[in-house]
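S.K.: Here's my sequence, what's the structure:
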Amino acid sequence: MKRSERHHLKENVVAVAVGHLQGQLSERGRGLIIGIAVGLVVLILFGGYSWQSGRTTAKASALLAGALVLADAPVVSPPPPPAADPAEAVPDDASGDTAEQPEAPAPVEFVQPPGTYPTIEAKMSAALPKLIEAADTYPGTQPSITARYRAAAALAALGRHDESAAQYQQVINGDTGVYGRMATLGLADVQIARGAYDEAIALLEQSSGAGAEADLPVDGVLMRLGRAYDLAGRSGDARATFQRVMDEFPASFYLANAERELQALQIAG
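M.R.: Coordinates of the predicted model:
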């Protein structure tokens, strides 16, 4: 083979290799560009979602904070009216006649301090619309769950048990955390107030059994359960429950109450 032919052949081989490499780089470059574009789209979508979620949570938190200003306001009750004492006649040393004592000054009219309420009922009535608004405006957020739980408690304090039970049930359905578990106890209290003792017992047994969550005050749950048993006429179960408080929680805040409840049941037979 002539030298010129060999040289030409080498040039062809090099040209083919270079062309092949350029093709690979071109294909990989397109794949890389597509991958980068997809990654940017994902980042933009995630960033937009995070920004929108954070903004929604911030708005929900602001509504909740405004409602809690009312719900947690102090209660300052007006003082009782002074007793009306009849004016006593006293002897006049000079004449021997009797003279009436001077009238006591008129009592100062009570003025409700700003930011306070005269009763729990007045406070809860003022807070309730704000709590419901905070719960309904941004559903699914943690501030919304907190607001609904507080609204349920406010309704219970106002004696509106059916509405309270509905709000507690919404919290239970929407939260598997501590608010959902506390709402279960709140709903049990409402059921007791409504006289639905069997429903209350079922909820309390669920919250005090072997699988009870560690963040629940089990001794407090057992005290509720014991009273529910008693109200339902199940005195044997009530005695066993109060005894369980004494046996399993010897340092409990409720120990003295459990002892009194147990003694009362034993006396009643």
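S.K.: where along the stretch 51-200 of the chain do the helices fall?
M.R.: 120-137, 142-157, 161-174, 178-194, 197-208 (DSSP state H, counting those that start in this stretch).
S.K.: Please produce a markdown table containing those helices, extended by distance to Leu216, mean neighbour count and mean pLDDT.
M.R.: Quick note: C-beta positions are derived from backbone N, CA and C, even for glycine. Rendered in a markdown table, the data for those read as follows (distance: least, C-beta to C-beta, whole Å; neighbours: other C-beta atoms under 10 Å; pLDDT from 0 to 100):
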| stretch | distance to Leu216 | mean neighbour count | mean pLDDT |
| --- | --- | --- | --- |
| helix 120-137 | 23 | 19 | 96 |
| helix 142-157 | 15 | 23 | 96 |
| helix 161-174 | 14 | 19 | 96 |
| helix 178-194 | 6 | 20 | 95 |
| helix 197-208 | 6 | 20 | 95 |
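S.K.: Pipe the ones you listed into JSON lines and attach distance to Phe242 per row.
M.R.: Formatted as JSON lines, these follow (distance: least, C-beta to C-beta, whole Å):
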{"stretch": "helix 120-137", "distance to Phe242": "29"}
{"stretch": "helix 142-157", "distance to Phe242": "24"}
{"stretch": "helix 161-174", "distance to Phe242": "26"}
{"stretch": "helix 178-194", "distance to Phe242": "16"}
{"stretch": "helix 197-208", "distance to Phe242": "13"}
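S.K.: I figured Lys130 was touching Asp72, is that so?
M.R.: No: between Lys130 and Asp72 there is no contact under C-beta atoms under 8 Å: 11.7 Å.
S.K.: picking up where we left off before, looking at the helices of the stretch 51-200 of the chain, which is nearest to Arg224?
M.R.: Closest to Arg224 of the helices of the stretch 51-200 of the chain is helix 197-208 (C-beta to C-beta; 5.5 Å).
S.K.: now the angle from the closest one to helix 161-174?
M.R.: 30 degrees (axes from the mean of the first three to the mean of the last three C-alpha atoms, to 10 degrees).
S.K.: From what I see, Phe253 and Asp219 are in contact.
M.R.: Yes: using C-beta under 8 Å, Phe253 is in contact with Asp219, at 7.5 Å.
S.K.: Among the two, which residue is more densely surrounded?
M.R.: Using other C-beta atoms under 10 Å, the more surrounded residue of Phe253 and Asp219 is Asp219, with 20 against 11.
S.K.: a helix runs through the more buried one, doesn't it?
M.R.: Yes: counting by DSSP: H, G, I helix; E, B strand; the rest coil, Asp219 is located in a helix.
S.K.: any idea how far it is from Ala258?
M.R.: Note on Asp219: its distance to Ala258, by C-beta to C-beta, to the nearest Å, is 8 Å.
S.K.: shared neighbours of the two, which are they?
M.R.: 245, 252 (C-beta atoms under 8 Å, 6 or more residues apart in numbering).
S.K.: so where is the stretch 1-150 of the chain shaky, pLDDT-wise?
M.R.: For the stretch 1-150 of the chain, the stretches with pLDDT under 70 are 1-53, 83-107.
S.K.: try 80 this time
M.R.: 1-54, 81-108 (pLDDT under 80).
S.K.: out of the helices of the stretch 51-200 of the chain, which comes closest to Asp237?
M.R.: Per C-beta to C-beta, nearest to Asp237 of the helices of the stretch 51-200 of the chain: helix 197-208, 8.4 Å.
S.K.: Run the angle between the closest one and helix 178-194 for me.
M.R.: Using the same axes, to 10 degrees: helix 197-208 against helix 178-194 is 150 degrees.
S.K.: who are the neighbours in contact with Val75?
M.R.: 116-120, 123 are the contacts of Val75 under C-beta under 8 Å, 6+ apart.
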